[in-house]
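Enquirer: Just need the structure, nothing else, for what follows:
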Amino acid sequence: EPRLLDMPTLVIEASVALPKEKEESLLLRASALVADILGKPESYVTVSYKTVRAVFGGSFDPSAFCYVASIGQINLEKNSKMTKAICELLKDACGIDPARVYVSFNDAARENFGWNGKTFAG
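Expert: Predicted coordinates:
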């Protein structure tokens, strides 16, 4: 059973559709980088990629919004590393300019994160 501080997730919403193989490669790379940067077991990391129609700065050029949530380990140093790594990954995998990527972070309270039919607070 996961420890209380082991449930990070990354949700990527991007305006670039990828073939299945490229999407799966991006997901695996993203999962590894989340685990590495947050110092958490990859076995508890979840990552999803959703293709969306989006406007960013008045333009339909490729863009992405990413949401990172974790119980703990959300701080300036790790957020900076994560933002850089996600932007580099999306540039490489999707051709998205890092200036067109937003990354939001949430340090989730245990009572606000559920798994296996209960919250991490009990």
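Enquirer: Now do the residue nearest to residue 46 when sequence neighbours are not counted: how many residues are near it, please.
Expert: In this structure, residue 46 finds its nearest non-sequential neighbour in residue 9, 4.5 Å apart by Cβ to Cβ, 6 or more residues apart in numbering. All C-beta atoms are positioned from the backbone trio N, CA, C, and that covers glycine. Using other Cβ atoms under 10 Å, residue 9 is surrounded by 17 other residues.
Enquirer: And residue 9, how far from residue 19?
Expert: To residue 19, residue 9 is 24 Å away according to Cβ to Cβ, to the nearest Å.
Enquirer: what comes into contact with stretch 98-113?
Expert: Here stretch 98-113 makes contact (Cβ atoms under 8 Å, 6 or more residues apart in numbering) with 4, 7, 56-57, 61-74, 79, 82-83, 86-88, 90-91, 119-121.
Enquirer: before we move on, the earlier item: list the contacts for the residue nearest to residue 46?
Expert: Contacts of residue 9 (Cβ under 8 Å, 6+ apart): 45, 46, 47, 48, 67, 68, 69, 70.
Enquirer: Nearest to residue 39 among those residues?
Expert: When the contacts of residue 9 are ranked by distance to residue 39 (Cβ to Cβ), residue 70 comes first, at 10.3 Å.
Enquirer: ok, what's across the strand from the closest one?
Expert: Judged by DSSP bridges, the bridge partners of residue 70 are residue 107.
Enquirer: That one is in contact with residue 8, isn't it?
Expert: Yes: Residue 70 lies in contact with residue 8 (Cβ atoms under 8 Å); the separation is 4.0 Å.
Enquirer: the more surrounded of the two?
Expert: residue 8 (27 against 24).
Enquirer: Could you check the pLDDT of that one?
Expert: Note on residue 8: pLDDT of 93.
Enquirer: what does residue 105 give?
Expert: Predicted confidence (pLDDT) for residue 105: 97.
Enquirer: Can you find the helix or strand in this structure with the smallest mean pLDDT?
Expert: strand 114-115 (a mean of 85; mean pLDDT, DSSP states H and E).
Enquirer: which other helices and strands contact that one?
Expert: For strand 114-115, not one helix or strand is in contact under the criterion 3 or more Cβ pairs under 8 Å, 6 or more residues apart in numbering; DSSP states H and E.
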